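J.: here is a sequence together with a model predicted from it:
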Amino acid sequence: MKSILNKFYNFGLLVLCLFYMPFRGLAKKVSKEPKKIIILRWTPHMGDVVYTTPMFSAIKKKYPDCQICVVGRGRVEEVIRYNPEVDKFIEYKDNFWETVRKIRQEKFDFGCVAKPGASEGFALLYLGGVKAISIFDVLNEPKVRSATYPFMLKLGVSVPFYNHQYIPPQFLKLLEPLDIKNPDVHFHLYFSPEAESKINSIFKENNIEHGRDFIVALAPGGSTEERWWPADRFAELAKYLVVNHHAKILFLGAGIDKKAIDGVIQNLSDTPHINLLNQNLDDFKATVSKCSLVIGNDSGPMVTADAFNIPQMIFVGPTDPREYHTLSGPTYKILQSSDRKLTSISTDTAFKELYNLLYNLSRVA
């Protein structure tokens, strides 16, 4: 029923856009010197938002005086908070016309819809009067299954998007109409001085010193349980790291991750650890930035570690690592299941990769 209502809703938005087109024209008038740019990041999942952060620095490098606005749902604002390259945030709470009004007031020169298939997102920017809008045209399977989206593509500047390829550089391609090419793909996250002070206090209370101790964060959760490597196996890694490398173990996660974290802790016996479940995102970012190593499933903590150049070991099951991660390296290990089920990654396999990662860390220390 919800799917049918969404189809009618998107059809209504398309009709409005087509009705408006004779008055405003196509969204293809690309300015040579844009003063205001708006980026729409639709879904609130942390990793998806982090992937857009290279766009901000790319814009500021090419057009340092340009103002950047982000519009999004949920926790998008928390993820990008304190980023000096973002000048404004507009929160979308399904208040379509109120958001259109706010966008129209700003008179944006250029906009990007950083989500394939987001008909509603494109309509927000188009009806909001954004002069030029770049939008993804998915060229391989699985394609966008929408009767309205192909018509939206004709109204804006279409940019090729390919499934099964690393996503962050494709987000950056949305900026190519502005003559921004081959920019840096590195993620950028920021946190407040208050968050850093708070984490330093937690570390001091637990006799942990950043720069002296080997601080290992475990992130055994993820958005769905099918993306969780077994808890007892995480516990084996934690016990080994404490006994053999004097590691200080932290647990990271939020919400549904509690079940995963509790499962690991139940298998730890008397192994010391700190459970930092349900930190706010400011504190979470500060914590990750101080880690020596992050081990976890394919989830938000891992891309956060990417932003702070923290070594990682990542367990990947049903997702496509080509889309969300770069290739494995000496201190960046991706363990992918052979059958999309994380239980097929054995403890022996994990330890083999961990030994190699620790050896490489010792060489660069």
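T.: Nice, thanks for sending it over.
J.: flag the shaky bits of the chain, pLDDT-wise.
T.: 1-2, 365 (pLDDT under 70).
J.: now do the same for the closest residue to residue 226 other than its chain neighbours: helix, strand or coil?
T.: Ranked by C-beta to C-beta, 6 or more residues apart in numbering and with sequence neighbours excluded, the top spatial neighbour of residue 226 is residue 318, at 5.6 Å. Heads up, the C-betas are built off the backbone N, CA and C, glycines and all. What DSSP: H, G, I helix; E, B strand; the rest coil gives for residue 318 is coil.
J.: what's around residue 318, how many residues?
T.: 13 (other C-beta atoms under 10 Å).
J.: need the contact list for it.
T.: Residues in contact with residue 318 (C-beta atoms under 8 Å, 6 or more residues apart in numbering) are 226-227, 340-341.
J.: phi, psi of it?
T.: phi -80, psi -10 (degrees, to the nearest 10).
J.: repeat for residue 82
T.: According to degrees, to the nearest 10, residue 82 has phi 80, psi 0.
J.: against residue 281, how distant is it?
T.: In this view, residue 82 and residue 281 are 10 Å apart by C-beta to C-beta, to the nearest Å.
J.: between the two, which one's more packed in?
T.: Neighbour totals were compared for residue 82 and residue 281, and residue 281 leads with 20 against 14 (other C-beta under 10 Å).
J.: quick one: list the elements packing against the helix ranked longest in the chain.
T.: Secondary structure of the chain per DSSP state H: the longest helix is helix 2-24. If you count contacts as 3 or more C-beta pairs under 8 Å, 6 or more residues apart in numbering; DSSP states H and E, helix 2-24 packs onto helix 119-127, helix 149-155.
J.: tell me the domain boundaries of this protein?
T.: 2-178, 194-364 (automatic domain parsing).
J.: so can I have CSV of those domains showing distance to residue 184?
T.: Supplementary listing: those in CSV, determined by distance: least, C-beta to C-beta, whole Å:
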stretch, distance to residue 184
domain 2-178, 6
domain 194-364, 12
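J.: and of the ones you listed, who's closest to residue 188?
T.: domain 2-178 (4.6 Å; C-beta to C-beta).
J.: just how off-centre is that closest one within its chain?
T.: Here the centre of domain 2-178 is set off from its chain's centre by 16 Å, with C-alpha atoms, centre = their mean, to the nearest Å.
J.: distance of the residue nearest to residue 226 relative to residue 254?
T.: Applying C-beta to C-beta, the value for residue 318 to residue 254 is 20 Å.
J.: ok, now residue 361?
T.: In terms of C-beta to C-beta, residue 361 sits 27 Å off from residue 254.
J.: coming back round to it: which one of the contacts of residue 318 is nearest to residue 44?
T.: Using C-beta to C-beta, residue 227 is the member of the contacts of residue 318 that sits closest to residue 44, with 17.2 Å.
J.: if I read this right, residue 7 contacts residue 147, doesn't it?
T.: Yes - counting by C-beta atoms under 8 Å, residue 147 is a contact partner of residue 7 at 7.0 Å.
J.: of the two, who's got more company?
T.: Each of residue 7 and residue 147 has its neighbours counted (other C-beta under 10 Å); residue 7 has more, 14 against 11.
J.: list the contacts for that one?
T.: 147-148.
J.: out of the contacts of residue 318, which are buried?
T.: residue 227 (16 or more other C-beta atoms under 10 Å).
J.: what's the closest of the contacts of residue 318 to residue 23?
T.: residue 227 (46.6 Å).
J.: the closest one and residue 302 touch, don't they?
T.: No - judged on C-beta under 8 Å, residue 227 makes no contact with residue 302 at a distance of 11.2 Å.
J.: anything in contact with each of those two?
T.: When C-beta under 8 Å, 6+ apart defines a contact, no residue borders residue 227 and residue 302 alike.
J.: contacts only, for residue 279.
T.: The contact partners of residue 279, taken as C-beta under 8 Å, 6+ apart, are 252, 254, 287.
J.: okay if I get those residues as TSV plus neighbour count?
T.: Formatted as TSV, the contacts of residue 279 follow (neighbours: other C-beta atoms under 10 Å):
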residue	neighbour count
252	28
254	19
287	25
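J.: just the closest of those to residue 15, please.
T.: For the contacts of residue 279, the nearest to residue 15 is residue 254 (39.7 Å; C-beta to C-beta).
J.: re earlier: go through the contacts of residue 279 and flag which are in helices.
T.: residue 287.
J.: where exactly do the helices run in the stretch 201-350 of the chain?
T.: Applying DSSP state H, counting those that start in this stretch to the stretch 201-350 of the chain gives helices spanning 231-245, 257-265, 281-289, 300-307, 321-324, 347-364.
J.: mind listing what's buried along the second one?
T.: Read it as helix 257-265. Those would be 257, 260-261, 263-265, for helix 257-265 by 16+ other C-beta under 10 Å.
J.: do the first one as well
T.: By neighbour count on 16+ other C-beta under 10 Å, the buried set for helix 231-245 is 231, 233-242, 245.
J.: pull out the buried positions in the helix or strand that contains residue 200.
T.: Using DSSP states H and E, residue 200 falls within helix 193-205. By neighbour count on 16+ other C-beta under 10 Å, the buried set for helix 193-205 is 195-196, 198-199, 202-203.
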